[in-house]
Structures are given as structure tokens and as C-alpha cells.
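K.L.:
Just the structure for this:
(one chain, ligands or ions: 2)
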Amino acid sequence: MAKRKAVVDKTHCVACGCCTSACKLQAITVFRGIYAQVSDRCVGCAKCASICPADAIRVESST
Ligand code: SF4
Ligand code: SF4
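P.N.:
Numbering: from 1, shown residues only. Ligands and ions are numbered 1, 2, ... in the order given. The predicted model follows:
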């Protein structure tokens, strides 16, 4: 089964932290105040992507 995971475009991320608050699994954190980073806990629910003001998150599927 394909696994869905959030992917952050570092060039667009403004490190606002909105995604961190939105993720109930704490799967996304802002790394050193520079950009958001997604961990393996991510289940690809896309909650963070829908809240990101910079439109920096995409949910991708991998097989
Ligand atoms: S919500 Fe978007 S801009 Fe803000 S930290 Fe997360 S990925 Fe970056
Ligand atoms: S896609 Fe869902 S589980 Fe993954 S980082 Fe975003 S809010 Fe968290």
C-alpha cells in the first residue's frame, strides 16, 4: 500500500510554526527556526498542508 507523507518545500517555508500546532501526532517540527521538518510519524493526513500560509507543504505518496 502506498504511504502518504507530508513534504516541506524549504524554499517556501517561513518557519511560522502553524503546521506544528496543527499536527496532532507531533510529526512536524520547525528545525532551528529555519524550516519545518517531517518525521516518520507522519500519516499524510494533510492537516498541516491545509493550514500552511506559505503553501509550502505537499502530501506525496510513495510505494
Ligand atoms: S506552516 Fe508552512 S510556513 Fe509555517 S512552518 Fe509549517 S511549513 Fe513552514
Ligand atoms: S500530514 Fe498530518 S500527520 Fe503528517 S505532518 Fe501533516 S498534520 Fe502531521
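K.L.:
Give the burial count for residue 9, as a bare number.
P.N.:
14 (other C-beta atoms under 10 Å). Where you see a C-beta, it was placed from the backbone N, CA and C, and this is true even at glycine.
K.L.:
In contact with it, which residues are there?
P.N.:
With contact taken as C-beta atoms under 8 Å, 6 or more residues apart in numbering, residue 9 is in contact with 56-58.
K.L.:
Kindly reformat those as JSON lines and extend each row with neighbour count, pLDDT and secondary structure.
P.N.:
Shown next, in JSON lines, are the contacts of residue 9 (neighbours: other C-beta atoms under 10 Å; pLDDT from 0 to 100; DSSP: H, G, I helix; E, B strand; the rest coil):
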{"residue": "56", "neighbour count": "21", "pLDDT": "98", "secondary structure": "coil"}
{"residue": "57", "neighbour count": "24", "pLDDT": "98", "secondary structure": "strand"}
{"residue": "58", "neighbour count": "13", "pLDDT": "98", "secondary structure": "strand"}
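K.L.:
Looking at these, spot the one nearest ligand 2.
P.N.:
residue 57 (6.8 Å; C-beta to the nearest ligand atom).
K.L.:
With that, I have no additional questions.
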